[in-house]
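>>> only the shape, not the letters, is given here:
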């Protein structure tokens, strides 16, 4: 079974949907910072909320524009969003193939809560290319991704969790879940796919260092790449950020003038 099918099955489970609806409600500080800094690209603009999940970011974004669209590959997540946010537009679809959208349809696209980390490397690249295609020239794309330099990466036994009630029983369950997915882990020079806390370490997650993530974005064509740590501070590409489980990236699709200028410089 591939990471893509494995994780998608998890997001169709009622227990996962309930967790997202009940516990994932507030914007992260990094998202608030991005929405404020890039407001001119968001307010009253066409917005695509990729991997909208339980609708955590939907309310905040819909308050900034009347042209909001959410998309998720989990039908159960989409049904939940349609139930709780019936006035908004939610679509069932896969981010790696957004054929329902014309090219250059959106001014701002967000893929929040490390949603892009739920896929295989090959699908990740396809998704980034699709996002580039449907993003307008000069438009902004923001997303978060797990940081391979994080000092606290845990794949089976969470020693940081031992002071909480029932920690031993929970960690025994985690180890069992981990053993089921261990064979699907991938280790390469540029990224790793590891089990993580979701579903008791029964979830597979993509980890990457910021230098490699920037390379991915540049190779696809994005420019003006900014990176935020968990404290919503803009950081340099060469900093380690060992205390950030994940990082937020913000990048821009070049305009035709940008592309002409680049070709002239070459």
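Great, that's in hand. Since this is a predicted model, take the numbers as computed values, not measurements.

>>> got a pLDDT number for residue 165?
The model reports residue 165 with a pLDDT of 67.

>>> the one 3 residues further on now?
At residue 168 the predicted local confidence, pLDDT, stands at 76.

>>> for residue 126, what are its contacts?
Counting by CB atoms under 8 Å, 6 or more residues apart in numbering, residue 126 makes contact with 96-97. Heads up, the C-betas are built off the backbone N, CA and C, glycines and all.

>>> doesn't it belong to a strand?
No - the assignment for residue 126 (DSSP: H, G, I helix; E, B strand; the rest coil) gives helix, which keeps it out of a strand.

>>> average model confidence for stretch 207-214?
Here the average pLDDT along stretch 207-214 is 98.

>>> could you do stretch 15-23 as well?
pLDDT averaged over stretch 15-23 gives 86.

>>> can you pull out the helices in the stretch 51-200 of the chain?
Taking DSSP state H, counting those that start in this stretch, the helices of the stretch 51-200 of the chain run over residues 58-62, 75-84, 121-134, 167-181, 198-201.

>>> go through these and name the closest to residue 51.
For residue 51, the closest of the helices of the stretch 51-200 of the chain is helix 75-84, at 8.7 Å, according to CB to CB.

>>> name the helices or strands packed onto the closest one?
helix 14-23, strand 68-72, strand 89-92 (3 or more CB pairs under 8 Å, 6 or more residues apart in numbering; DSSP states H and E).

>>> can you pull up the bridge partners for residue 223?
residue 252 (DSSP bridges).

>>> report the separation between it and residue 251.
According to CB to CB, to the nearest Å, residue 223 stands 7 Å off from residue 251.

>>> who has more neighbours out of the two?
residue 251 (25 against 14; other CB atoms under 10 Å).

>>> confirm for me that that one is in contact with residue 217.
Yes - taking contacts as CB atoms under 8 Å, residue 251 lies within contact range of residue 217: 5.2 Å.
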